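Q: for reference, the sequence and a predicted model appear below.
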Amino acid sequence: MFGRVTVLLSVAFPVFALVGVGWIAGRFRLLGEGGSGALNGFVSWFALPAMFFASLAGTRFAEIANGPFIAAFAIVTAATFLAGMLMARLSSRAGVAHMGLHGMSAAYGNVGYMGIPLCLAAFGPQGALPGTLGAVVASVILMTLTLIFAEAGRRDDHESGGGAGRVMLALATNPLLIAIALGAAVSAAGIALPDPLRRFLDLLSAAAAPCALFAIGHFLSERALDVTLGEVGLVVIGKMLLQPLLMLAILPWFLPLDTMWGKAAVLLAALPTASNSFVLARQYGVFEAESSAAILLSTILSVFTVSILLVFLRVG
């Protein structure tokens with residue numbers, strides 16, 4: 001019993017406490033009108049890319065190319081996305097764009113903002129690597145699939161073409177994917193980072209986890225549950241129940257559960273819906289209120305489910 005309490009206090013509490021502090025700051029508008037946008041910009045364009053690049057560039061390429069982890073995470077992510085699309089179609093006869101954004105909300109866990117800080121708290125500095133790889137897999141698969149279906153829905157509505165070009169441009173200009181590609185290239189080339197650059201990246205990376213968690217709370221303080229919960233409930237079930245259960249089911253075929261990589265895979269699969277789903281929903285004007293509510297509800301639920309999972313996995 002004492003060990004379980006220790007796990008929750010040492011791993012779960014700091015993560016969710018930072019989210020709570022961000023929520024308080026947002027609720028009382030302590031950062032002013034433009035504070036949330038500036039904070040998210042810093043995390044998305046500077047702190048997280050620095051962490052991704054430093055984590056990959058400082059690791060041997062053989063360790064980065066963890067095929068079993070990548071395969072397991074890719075299969076579960078794609079399967080949950082397709083299940084989410086099917087749920088949307090069966091429950092509301094949704095169109096293609098709606099189905100794609102529903103699937104994204106059900107499958108895209110908050111790996112960058114919550115997963116990496118959680119892995120760092122659970123496994124120490126080495127936890128950044130599975131968190132980074134999880135973010136790579138989720139971003140590439142889900143951003144690509146969602147943009148394809150959203151653009152297909154736009155064409156169905158007789159809007160302008162150029163969907164493939166927009167998909168490629170969105171992926172090519174994503175700062176996280178750029179940092180990942182550069183970090184992997186440096187690792188593959190065996191290039192050692194100069195000490196001043198490494199120290200700079202270490203300082204910037206250290207800000208990523210606390211700022212990302214704070215930003216989640218700040219973002220949630222601006223959300224409201226102004227939708228019917230039927231379809232939102234399906235998203236939350238897909239994200240918080242289906243995805244981690246799928247990971248537990250297939251993981252033995254790829255990785256032992258009692259390793260850091262195995263435990264990290266399950267933790268990352270159990271994360272709440274990422275804010276990226278709302279960003280794309282707002283961009284296409286589809287599933288906006290529902291994705292926002294799904295982010296809020298799944299994040300609140302994750303306080304309990306992730307804490308229970310940490311105890312189950314004996315992390316900490």
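A: Great, that's in hand. Values in this document were obtained by computation on a predicted structure and should not be read as measured data.
Q: could you use CA atoms for every contact and neighbour count after this?
A: Will do.
Q: wait, isn't residue 217 in contact with residue 26?
A: Yes. Residue 217 is within contact range of residue 26, at 7.4 Å (criterion: CA atoms under 8 Å).
Q: which residues touch residue 61?
A: 184, 187-188 (CA atoms under 8 Å, 6 or more residues apart in numbering).
Q: contacts for the host helix or strand of residue 97, please.
A: Assigned by DSSP states H and E, residue 97 falls within helix 96-107. Helix 96-107 is contacted by residues 77-78, 80-86, 88-89, 142, 145-147, 149-154, 235-239, 243, 273-274, 277, 280-281, 286-287, 291, 294-295 when judged by CA under 8 Å, 6+ apart.
Q: let's see it as PDB, backbone CA atoms only.
A: Output of helix 96-107 as PDB, limited to C-alpha atoms (Å, rounded to 0.1, in the frame of the first residue of the first chain):
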ATOM      1  CA  VAL A  96     -15.900  11.700 -44.500                       C
ATOM      2  CA  ALA A  97     -14.400  14.800 -42.800                       C
ATOM      3  CA  HIS A  98     -16.400  14.300 -39.700                       C
ATOM      4  CA  MET A  99     -15.400  10.600 -39.500                       C
ATOM      5  CA  GLY A 100     -11.700  11.500 -39.900                       C
ATOM      6  CA  LEU A 101     -11.700  14.100 -37.100                       C
ATOM      7  CA  HIS A 102     -13.700  11.800 -34.900                       C
ATOM      8  CA  GLY A 103     -11.100   9.100 -35.500                       C
ATOM      9  CA  MET A 104      -8.300  11.500 -34.700                       C
ATOM     10  CA  SER A 105      -9.900  12.600 -31.400                       C
ATOM     11  CA  ALA A 106     -10.200   8.900 -30.500                       C
ATOM     12  CA  ALA A 107      -6.700   7.900 -31.400                       C
END
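Q: now residue 137: closest residue in space that isn't a chain neighbour?
A: residue 74 (6.1 Å; CA to CA, 6 or more residues apart in numbering).
Q: what's the angle from the helix or strand harbouring residue 247 to helix 96-107?
A: Here residue 247 sits within helix 243-250, counting by DSSP H and E. Helix 243-250 runs at 70 degrees relative to helix 96-107, counting by axes from the mean of the first three to the mean of the last three CA atoms, to 10 degrees.
Q: so which elements touch helix 243-250?
A: Applying 3 or more CA pairs under 8 Å, 6 or more residues apart in numbering; DSSP states H and E, one finds that helix 243-250 contacts helix 67-92, helix 260-269.
Q: pLDDT of the shortest one, averaged?
A: It stands for helix 260-269. Mean per-residue pLDDT for helix 260-269: 94.
Q: after it, next one along is what?
A: helix 276-284.
Q: only alpha carbons, please: show that following helix as CSV.
A: Listed next in CSV are the C-alpha coordinates belonging to helix 276-284 (Å, rounded to 0.1, in the frame of the first residue of the first chain):
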residue,chain,number,x,y,z
ASN,A,276,-4.1,18.8,-32.0
SER,A,277,-7.5,17.3,-32.8
PHE,A,278,-9.2,20.5,-31.9
VAL,A,279,-6.8,22.6,-33.9
LEU,A,280,-7.6,20.6,-37.1
ALA,A,281,-11.3,20.5,-36.3
ARG,A,282,-11.3,24.3,-36.0
GLN,A,283,-9.3,24.6,-39.2
TYR,A,284,-11.9,22.6,-41.2
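Q: which helix or strand lies directly C-terminal to it?
A: Following helix 276-284 toward the C-terminus (DSSP H and E): helix 288-312.
Q: buried residues, that next one. List them.
A: Neighbour-count burial for helix 288-312 flags 288-299, 302-303, 305-311 (criterion: 16 or more other CA atoms under 10 Å).
Q: same check, this time on stretch 26-41
A: Residues of stretch 26-41 classed as buried: 26-27, 29, 35-36, 39-40 (neighbour count, 16+ other CA under 10 Å).
Q: now, the most widely separated pair of those?
A: Within the buried residues of stretch 26-41, 27 and 40 form the most distant pair, 16.4 Å apart (CA to CA).
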